[in-house]
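>>> Take a look and give me a structure for this.
(one chain, ligands or ions: 2)
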Amino acid sequence: MKGTYTHLSMYSGSSASGHGGGKMSLGKSIKMYLTIFVLTTCIYMALYQYHLSREPFAASEVVKHQEKSSSYIASYLSLLMANSSSNSINQSTTTSTPTAPTTTTTAGTVGQKLGASSASIRMVSLAATTPTFVSSPSQLRSGSVGGHRQTAGTKTSSSTTTTTTTMATASGLATTKTTTTTATTAKTSAKTSAAATPTASHKENAHKTRTTFVAASEPPPLYIITPTYRRPEQLAELTRLGYTLKHVANLLWLVIEDANATNPLVGHTLDRIGVPYEYMVAPMPEKYKQTKRAKPRGVSNRNRGLEYLRQHATEGVLYFADDDNTYDISIFEQMRYISKVAMWPVGLVTKTGVSSPIIKNGKLVGYYDGWIGGRKYPVDMAGFAVSVKFLKERPDAQMPFKPGYEEDGFLRSLAPLDSTEIEFLADECRDILTWHTQTKKNAPAQALNRTHYKDTNLEHIDQLLVRP
Ligand code: UDP
Ligand code: MN
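Ligands and ions are numbered 1, 2, ... in the order given. This next block holds a predicted model:
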């Protein structure tokens, strides 16, 4: 650029002297006019930039990206000006200086800014695998999940997409603390495209990007039953699973600990995650605890969860999600709409590497699993879901305290269930969306030397360690 301009200046000088000399050739006069035109344009643009830089503008209207490009133009122009004039111009403008304060990145601020420009927040994969329009916070209805009733005051979470209602209930042994989150999205089946509820203020803008809208409605509730137990990894497992579940709308997380009393550390972890939950306890019967043989892990917890559903739930779907497994959120959107029982593959199960129904020509022809063990349903705990209505029509259905046969026993207890009634999810069992991951066991943390570390942060974090 610099070279080009020097070139032009040179011509400018020579044409001026040509003019003084009387007659000019046609070529020379064209060059002169061109030079005058370019110079005038440059001066005009520079003046305009100066005018813009003097004009105050509201921070909410400033998008960082635009700031950058405008200062880029400004520095480019000033560079041009510096070269065009024999008088030197202050070069400091070539380094871009922000013209507005850096935008904060809290969700609320972003939401408001988006609200100012488009008033609807485009969420990608928050509750579905397809991009979803989420209505602005004011549009969110405070609601309950399943058969829950709100009983206490409200608070707003830091996320623009959720309004949480904290309530306290008590049922039996359970210390229950429930956070109810409103459904933030429209029906978000992987098959169904999501919708928005445009308000008058953003209707016009929304129509610029989307042509059709479907009325938003809450999708069927999901009840996720998670057995958990006290160990060093417990809070890490719950945190990872919890943040997966946070991507799923209209869900109640039933966290049930194999213990006689709840642990405040678990409660705090669940509060921090912000997924609607019930935290309960259901200890493994003493006779199974004492055994030297394989234990029925998580069975009393899951049966407590089933009992809770029989009392409180009327519709939707239940799923047993162990705290240590890995889940692709699209499986939740698929299981939401099942009518009775659904199954799908689970990775990292036995020597086959995957446990799955075998489907041929759209029909179930058997099960693939490294250990069949005479089971009618040789499936993993993470590989099936059941409709709440279907469960409630079978009052005796429950999980047996029989190690290795928990899934089979529970599914058998759902009889009558014809294999033709089972739905096969995850692309008719051609995909793997859940994995039976296992976390390495950690030795219990050693005791903290309280004298040595007195009045340090270690006194605090030591309280956060889960010791057996
Ligand atoms: N679990 C439990 N009590 C126990 C052991 C396990 O409640 O004594 C829970 C555990 O948190 C998990 C589920 O039961 O959610 C299955 O346990 P684990 O992952 O140890 O079994 P695996 O996956 O190896 O079969
Ligand atoms: Mn496990």
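>>> Now do the residue of the chain found nearest ligand 1, the pLDDT please.
The chain approaches ligand 1 most closely through Gly298 (2.6 Å), counting by CB to the nearest ligand atom. In short, each C-beta sits where N, CA and C put it, glycine included. You'll see Gly298 listed with a pLDDT of 98.
>>> for the stretch 1-150 of the chain, which spans come out with low pLDDT?
Applying pLDDT under 70 to the stretch 1-150 of the chain picks out residues 1-25, 42, 46-48, 50-150.
>>> my guess is Lys440 is in a helix, correct?
No. Under the criterion used here (DSSP: H, G, I helix; E, B strand; the rest coil), Lys440 is coil, not part of a helix.
>>> Please tell me how far it sits from Glu233.
According to CB to CB, to the nearest Å, Lys440 and Glu233 sit 8 Å apart.
>>> Can you check the pLDDT for Val386?
Here the pLDDT value assigned to Val386 is 99.
>>> doesn't Phe320 make contact with it?
No. The pair Val386 / Phe320 is not scored as a contact, 9.1 Å apart, by CB atoms under 8 Å.
>>> residues contacting the residue of the chain closest to ligand 1?
Pro227, Tyr229, Asp258, Asp322, Glu406 (CB atoms under 8 Å, 6 or more residues apart in numbering).
>>> which SS state does the first one fall under?
If I follow you right, that is Pro227. Once three-state DSSP is applied, Pro227 turns out strand.
>>> need the contact list for it.
Here Pro227 is in contact with Ile256, Glu257, Asp258, Arg297, Gly298, Val299, Asn301, Arg302, Phe320, Asp322, Asp323 (criterion: CB under 8 Å, 6+ apart).
>>> ok but Val255 is inside a helix, no?
No. Val255 is assigned strand when assessed by three-state DSSP, not a helix.
>>> Do I have it right that it meets Thr228?
Yes. Counting by CB under 8 Å, Val255 sits close enough to Thr228 to count as a contact (6.0 Å).
>>> Name the residues contacting each of these two.
What both Val255 and Thr228 touch, as defined by CB under 8 Å, 6+ apart, is the set Leu238, Val266.
>>> Which of these two has more residues huddled nearby?
Val255 (27 against 24; other CB atoms under 10 Å).
>>> in the stretch 151-300 of the chain, which spans are helices?
Using DSSP state H, counting those that start in this stretch, the helices of the stretch 151-300 of the chain run over 200-209, 234-245, 264-273, 286-290, 299-312.
>>> Return the most buried member of those helices.
helix 299-312 (a mean of 21; mean count of other CB atoms under 10 Å).
>>> that older thread, mind putting the helices of the stretch 151-300 of the chain in CSV, distance to Trp371 included?
Below are these laid out as CSV (distance: least, CB to CB, whole Å):
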stretch, distance to Trp371
helix 200-209, 51
helix 234-245, 24
helix 264-273, 32
helix 286-290, 21
helix 299-312, 18
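>>> Format the ones you listed as a markdown table; extra columns: distance to ligand 2.
Converted to a markdown table, the helices of the stretch 151-300 of the chain look like this (distance: least, CB to the ion, whole Å):
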| stretch | distance to ligand 2 |
| --- | --- |
| helix 200-209 | 43 |
| helix 234-245 | 9 |
| helix 264-273 | 17 |
| helix 286-290 | 17 |
| helix 299-312 | 13 |
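>>> Compare these and report which one is nearest to Lys402.
helix 299-312 (8.3 Å; CB to CB).
>>> any idea of the mean pLDDT for the helix or strand that that closest one is followed by?
The helix or strand immediately downstream of helix 299-312 is strand 317-320, counting by DSSP states H and E. Averaged over strand 317-320, pLDDT sits at 98.
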